[in-house]
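1. Predicted model, plus sequence, below.
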Amino acid sequence: MSSTVTRTRLAVAAATASIVVLAGCSSSGSSDKASASSCAPTKGKVTLQYWNTVPGMDKVVALWNKQHPDIQVETKNISNDQYGTLGNALKAGKAPDLAQVGYDELPNLRTQNAFVDASACKAATAARSKFVPWTWSQTSFGGTGVFAMPQDTGPMALFVRRDIFKKHHVAIPTTWDEYAAAAQRLHKADPGLTITFFDPNNAEWFNGLLWQNDVKMYGYSADKWQVTVESDQSRQVAGYWQKLISGKLVRTDLANGSTQMYAAYQKDQIASYVGAAWGYSMFRDNLPKQAGKWTIVPMPTWGSDGASGDWGGSTVAFMKGSKHLYESVEFNTWLNTDPEALAMENELGGLYPAANAGLQLPALKKGVPYYNNEKIFDIFADSSKKIDTSFAWGPTQKTVNLALQDAMAKATAGDGTLTDALAAAQSAALKSMKDQAIPATAGK
């Protein structure tokens, strides 16, 4: 799944499917296009509303406001309840002009007619070449419109406490088999130490692991969604982690980003972290005394192609009801492609940019002091090139994620297995689509 491998993009099929879904289950099939019929500038001063969850984004917006007195932006942080807040605003007809939306939530919100297609704006369509290809494919639903601008991505890698591995004479693993063997050796050397933790309430993280192993959760053919959440590749991933859990080689009592998680790392109880590019600032900001002890290496692999996965990352979507499409495109493009804005977002919010220009930021070319002055972003850049661009999300992903998390939590408590959790997620996907009159069948 490296950048040199050519694959048919299921994202294109996903886009087609989204159109069919909209036409088949609501009257909104053409409304996002109709809403974008004009891209004329508004006369006079304009104030846009932009909702997001990024730390420090108010400072980035302040820079824009200083430079653009006629297009002012008011920002609101909705990190406490991102999609609940957005959902309520949409129902009330009071959505902002722009909002941060994760890639996996885009298809789901589009079926709710949450977006406006900005393709009537030449600046919006011209922005395509400014972004990493797979991100644009996701935000444009394979090229059917411009519903959002990519903002950041989450190429995955392995964060390693090099000193702990060295202390116990364990080599840093490069494959998942080696990782399992290292888990056994570390735990045997110190029963209070585990190689990492498994958060059962984090479906997005688990989906990133599936993505790495060439799992195609959704496809589209014969006028139906083909649902393959449960497949040989996904069962391989689930079975692998189930063995680590059953062998008590990973902890299951920690939530990602929680105070308890940081405490466990602070006490040297965990030796590594399977994370994404945006996570580099987490350890830097929360475990300052461990500076110089961490290194970041490529994600352990299943095969010889060095494939990686993506965990998280977001877009800035054009929301339904906005009366200032032209100005929204101007700000959105600047926010996600301007080098000065991107540099601030990386420094303040830890964002790993989706824009090609962002990948050339001086800060991403330098060594990072916390990580022993290693050029860690080279690792993430290489990881990004090895993410399968054909991966697509389903139109009811939120429901599927909740079902997966519920079943994973039961599995880690001893009720069933992670393989059972995949079956539960598959069933939830098919049922949720049926409930919304979305044509779907179990794929092969």
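-> Sure, I can see it.
2. What are the boundaries of the strands in the stretch 201-350 of the chain?
-> For the stretch 201-350 of the chain, the strands defined by DSSP state E, counting those that start in this stretch cover 218-221, 224-227, 250-251, 272-276, 294-298, 314-318.
3. winner for burial among these?
-> strand 314-318 (a mean of 28; mean count of other Cβ atoms under 10 Å). (Glycine included, C-beta is placed from N, CA and C.)
4. That one packs against which elements?
-> Counting contacts by 3 or more Cβ pairs under 8 Å, 6 or more residues apart in numbering; DSSP states H and E, strand 314-318 is packed against strand 98-102, helix 106-111, helix 133-139, strand 148-150, helix 325-337.
5. CA atoms only for that strand - export them in PDB, please.
-> Extracted in PDB, the C-alpha atoms of strand 314-318 (Å, rounded to 0.1, in the frame of the first residue of the first chain):
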ATOM      1  CA  SER A 314     -10.200  16.300  10.300                       C
ATOM      2  CA  THR A 315     -11.600  18.600   7.600                       C
ATOM      3  CA  VAL A 316     -13.200  22.000   7.700                       C
ATOM      4  CA  ALA A 317     -16.700  21.500   6.100                       C
ATOM      5  CA  PHE A 318     -18.900  24.000   4.400                       C
END
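6. Flag the shaky bits of the stretch 1-150 of the chain, pLDDT-wise.
-> Scanning the stretch 1-150 of the chain for pLDDT under 70 picks out 1-37.
7. the helices in it, which residues?
-> Here the stretch 1-150 of the chain has its helices, by DSSP state H, counting those that start in this stretch, at 10-25, 31-34, 57-67, 82-91, 106-111, 122-126, 133-139.
8. Contacts only, for the residue most central in space within the chain.
-> For the chain, G312 is the residue whose C-alpha lies nearest the centre (Cα atoms, centre = their mean; 1.7 Å). Counting by Cβ atoms under 8 Å, 6 or more residues apart in numbering, G312 touches G102, T153, G154, E204, G208, A276, W278.
9. Recalculate using a threshold of 7 Å.
-> The contact partners of G312, taken as Cβ atoms under 7 Å, 6 or more residues apart in numbering, are G102, G154, E204, A276, W278.
10. mind putting those in a markdown table, distance to N52 included?
-> Shown next, in a markdown table, are the contacts of G312 (distance: Cβ to Cβ, whole Å):
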| residue | distance to N52 |
| --- | --- |
| G102 | 12 |
| G154 | 16 |
| E204 | 17 |
| A276 | 18 |
| W278 | 14 |
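11. Pick the one among the residues you listed closest to D406.
-> Using Cβ to Cβ, E204 comes nearest to D406 of these, at 14.7 Å.
12. I'd like to know how many residues surround the closest one.
-> As a burial measure, E204 scores 21 neighbours (other Cβ atoms under 10 Å).
13. from memory it sits against W311, does it?
-> Yes. Between E204 and W311 there is a contact at 6.1 Å, judged by Cβ atoms under 7 Å.
14. for P155, which residues make a bridge with it?
-> Taking DSSP bridges as the rule, P155 bridges to D310.
15. My understanding was that it contacts D382; is that so?
-> No. P155 lies out of contact with D382 (Cβ under 7 Å); the separation is 8.3 Å.
16. of these two, who's got more company?
-> Legend: neighbour count by other Cβ under 10 Å for P155 and D382, higher for P155 (27 against 16).
17. top helix in this protein by residue count?
-> Using DSSP state H, we find that the single longest helix of the chain is helix 418-435.
18. residues making contact with that helix?
-> Taking Cβ under 7 Å, 6+ apart as the rule, helix 418-435 contacts 225, 227, 229-230, 234-235, 238-239, 241-242, 394-396, 399-400, 403-404, 407-408, 411, 440, 442.
19. Please convert the buried members of those into PyMOL selection syntax.
-> Buried members of those, defined by 16 or more other Cβ atoms under 10 Å, are picked up in PyMOL with:
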select buried, resi 225+227+229+230+234+235+238+241+242+394+395+396+399+400+403+404+407+408+411+440
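20. Helices - which of the contacts of helix 418-435 land there?
-> Among these, the members found in helices (DSSP H) are 234-235, 238-239, 241-242, 399-400, 403-404, 407-408, 411.
21. quick one: which of those residues is nearest I71?
-> Of these, the one sitting nearest to I71 (Cβ to Cβ) turns out to be T399, at 37.2 Å.
22. which residue sits closest to the closest one, ignoring its sequence neighbours?
-> Nearest non-adjacent residue to T399, counting by Cβ to Cβ, 6 or more residues apart in numbering: S432, 4.3 Å away.
23. Next: P288.
-> P288 sits nearest to Y370 (Cβ to Cβ, 6+ apart), 7.9 Å away.
24. what secondary structure does that neighbour sit in?
-> Secondary structure, DSSP: H, G, I helix; E, B strand; the rest coil: Y370 is helix.
25. any idea how far it is from C121?
-> Using Cβ to Cβ, to the nearest Å, we find Y370 at a distance of 40 Å from C121.
26. Check K43 too.
-> Relative to C121, K43 is positioned 17 Å away (Cβ to Cβ).
27. quick one: which of these two has more around it?
-> Of the pair K43 and C121, C121 is the one with more neighbours under other Cβ under 10 Å, namely 24 against 6.
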